[in-house]
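[1] prediction below, plus the sequence it came from.
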Amino acid sequence: MFDALYLDAHLATLEAASPAPYGAIADGALGLKEGRIVYVGRCADLPGPAEAIAKRVVRLDGAWITPGLIDCHTHLVFAGDRANEFEMRLNGATYADIARAGGGILSTVRATRAASVDELTRLAASRMLGLLRAGVTTLEFKSGYGLDAPSEIKMLEAGTAAARAVGVRAQRTYLALHALPPEYADDRRSYVRHAAGDMLEMAHARGLVDAVDAFCEGIGFTPEEVREQFDAARACGLPVKLHAEQLSNLGGAGLAAHYAALSADHLEHANAADVAAMARSGTVAVLLPGAFYFLKETKKPPVDLLRTHKVRMAVASDFNPGSSPVLEPRLVMNMAATLFGLTPEEALAGMTRNAAAALGLDREIGSLTIGKKADFCVWRVASPAELVYWIGGEGPERIFIDG
Ligand code: DI6
Ligand code: FE
């Protein structure tokens, strides 16, 4: 007996094994029990009359069902905004110029340190609610605007509380190596040791960390520094991921692959050797077209190489106040298609199945598959391509998390 049965719908299952585009099943049905998917298939193949096999039967009149969207890379816990830097950039300053002058990430650090945990929770919750309404059932958020133990922990606590209040599934990523805090301006060594040492231990001991990330970049941290952070993560049993090759190629993607990272993110400047290394380690490529767009970058990530090497491509918002103030998952999928050349099917897989893999959750979520959690959206569209085609637009008609 199913707890619920959704009928007369088309299913975009996004199942990797399906030969059909989008893993589609026309005239399908989705059966749930105890928050999990127990039937995915054609209505015609159901084991009996709907009312006899399910406690609750819902007819969806030809709507499309997709897995819940997954935003696997955000920085949505922060205070303040950077509209002034947007103006500066439009007057000729670059993102890197602003960062070197003590603005950029550090200006958000000042605002975030000054905010109370309640204020941060409220800000994060309203952003999470926006994502949820647009169909996001799982999201990731990072620390990295605190850069000292109390403030990093405050961010992780605020995000955790916000996700609980909103009812969205969330993964927490520790990102102390995001920028060098001003109090360590003359002592990088000590900051890296602190970030990889007691600061991580404190956050992890409080149960606030699901993964560890770093910003490997000329204006961020070197591969050597990232190694120290990754070794510490490994010692804690935490998976790693990396902001790599966004503005330059420092070898971060290869380093991420070496550590069997869940994902390497951005990748505009990644080369063939980087991609081959990621393919060998099964590291997911997380593409972030919002940042590419907002920083008016011109070098695109090597999508053809990623395809050739069969590296899974995820797509995420990178929502943050400096380089990607974009809180619209459907716009992000549209940008992945228009700016990076992903097909609509690749873009949707990038915010479902492959985003789940980038979070290490692909056995639980990311596709309409028997046994997975019943996280899904019902859309009033005629084809799944519409989810990528309309820029924004109406959100899903219904959203389910754990059924
Ligand atoms: N890469 C990004 O795109 C964001 N952080 C990072 O490491 C930018 C964060 C910011 O500018 O506030
Ligand atoms: Fe980022």
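    Structure received. Ligands and ions are numbered 1, 2, ... in the order given.

[2] residues touching the nearest residue to residue 242 once chain neighbours are set aside, list them.
    Counting by Cβ to Cβ, 6 or more residues apart in numbering, residue 242 lies nearest to residue 256, which is 4.2 Å off, once chain neighbours are set aside. C-beta coordinates here come from the backbone N, C-alpha and C atoms, glycine included. The contact partners of residue 256, by Cβ atoms under 8 Å, 6 or more residues apart in numbering, come to 240, 241, 242, 244, 263, 264, 278, 281, 283.

[3] SS state for residue 322?
    coil (DSSP: H, G, I helix; E, B strand; the rest coil).

[4] for it, grab phi and psi.
    phi -100, psi -50 (degrees, to the nearest 10).

[5] picking up where we left off before, who wins on neighbours among the contacts of residue 256?
    Neighbour counts for the contacts of residue 256, by other Cβ atoms under 10 Å, peak at residue 244, which reaches 34 neighbours.

[6] tell me the confidence at it?
    At residue 244, the predicted lDDT confidence score is 98.

[7] one more: residue 394?
    According to the model, residue 394 carries a pLDDT of 88.

[8] and the residue lying closest to it once chain neighbours are set aside, how far from ligand 1?
    Spatially, and ignoring its direct neighbours in sequence, residue 394 is nearest to residue 380 (7.2 Å; Cβ to Cβ, 6+ apart). Residue 380 sits 33 Å away from ligand 1, taking Cβ to the nearest ligand atom, to the nearest Å as the criterion.

[9] which ones are touching residue 380?
    So residue 380 contacts 63, 394, 397 (Cβ under 8 Å, 6+ apart).

[10] can you tell me the residue of the stretch 151-300 of the chain closest to ligand 1?
    Using Cβ to the nearest ligand atom, the closest approach of the stretch 151-300 of the chain to ligand 1 is made by residue 215 at 3.6 Å.

[11] confirm that that residue sits in a strand.
    Yes - using three-state DSSP, the assignment for residue 215 is a strand.

[12] rewinding a little: can you tell me the SS state at the residue nearest to residue 242?
    helix.

[13] returning to what we had before: what about the contacts of residue 380, which are in helices?
    Residues of the contacts of residue 380 located in helices (DSSP state H): none.

[14] going by distance to ligand 1, which of these wins?
    Using Cβ to the nearest ligand atom, the contacts of residue 380 come closest to ligand 1 at residue 394, 28.5 Å.

[15] state the distance from that closest one to residue 317.
    Here the criterion is Cβ to Cβ, to the nearest Å. By it, residue 394 lies 19 Å from residue 317.

[16] more neighbours: which of those two?
    residue 317 (29 against 11).

[17] and the more buried one, what does it touch?
    71, 73, 74, 131, 288, 290, 324, 326, 327, 328, 329, 332.

[18] one more pass at 7 Å, please.
    71, 74, 290, 324, 326, 327, 329, 332 (Cβ atoms under 7 Å, 6 or more residues apart in numbering).

[19] leaving out sequence neighbours, find the closest residue to the last one.
    So that's residue 332. Here the residue nearest residue 332, using Cβ to Cβ, 6+ apart, is residue 317, at 5.0 Å.

[20] check for me that the one you found belongs to a helix.
    No - Residue 317: not assigned to a helix; according to three-state DSSP it is coil.

[21] how close does it get to residue 50?
    On the measure of Cβ to Cβ, residue 317 and residue 50 end up 38 Å apart.

[22] what's around the residue of the chain found nearest ligand 1, how many residues?
    Nearest residue of the chain to ligand 1: residue 322, at 2.3 Å (Cβ to the nearest ligand atom). Neighbours of residue 322 under the rule other Cβ under 10 Å: 25.

[23] what about the strands in the stretch 51-200 of the chain?
    57-59, 64-67, 69-71, 136-142, 169-177 (DSSP state E, counting those that start in this stretch).

[24] is the lowest-mean-pLDDT helix or strand in the chain in proximity to ligand 1?
    Here the helix or strand of the chain ranked lowest by mean pLDDT, DSSP states H and E is helix 95-100, holding a mean of 90. No - residues of helix 95-100 are not located near ligand 1 by Cβ under 6 Å from any ligand atom, the shortest gap being 7.2 Å.

[25] in that helix, what counts as buried?
    By neighbour count with 16 or more other Cβ atoms under 10 Å, helix 95-100 contains the buried residues 95, 98, 99.

[26] in contact with the residue nearest the centre of the chain, which residues?
    Centrality entry for the chain: nearest residue to the mean C-alpha point is residue 72, 1.2 Å, by Cα atoms, centre = their mean. Neighbouring residues of residue 72 by Cβ under 7 Å, 6+ apart: 140, 286, 314, 316, 355, 358, 359.

[27] how about residue 219: what's its closest non-neighbour residue?
    residue 99 (4.6 Å).

[28] distance check, that neighbour against residue 215.
    Distance from residue 99 to residue 215, by Cβ to Cβ: 10 Å.

[29] contact residues of the stretch 251-400 of the chain facing ligand 1?
    291, 318, 320, 321, 322, 323, 324.

[30] could I get these as JSON lines with pLDDT?
    Shown next, in JSON lines, are those (pLDDT from 0 to 100):
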{"residue": "291", "pLDDT": "98"}
{"residue": "318", "pLDDT": "98"}
{"residue": "320", "pLDDT": "98"}
{"residue": "321", "pLDDT": "98"}
{"residue": "322", "pLDDT": "96"}
{"residue": "323", "pLDDT": "96"}
{"residue": "324", "pLDDT": "98"}
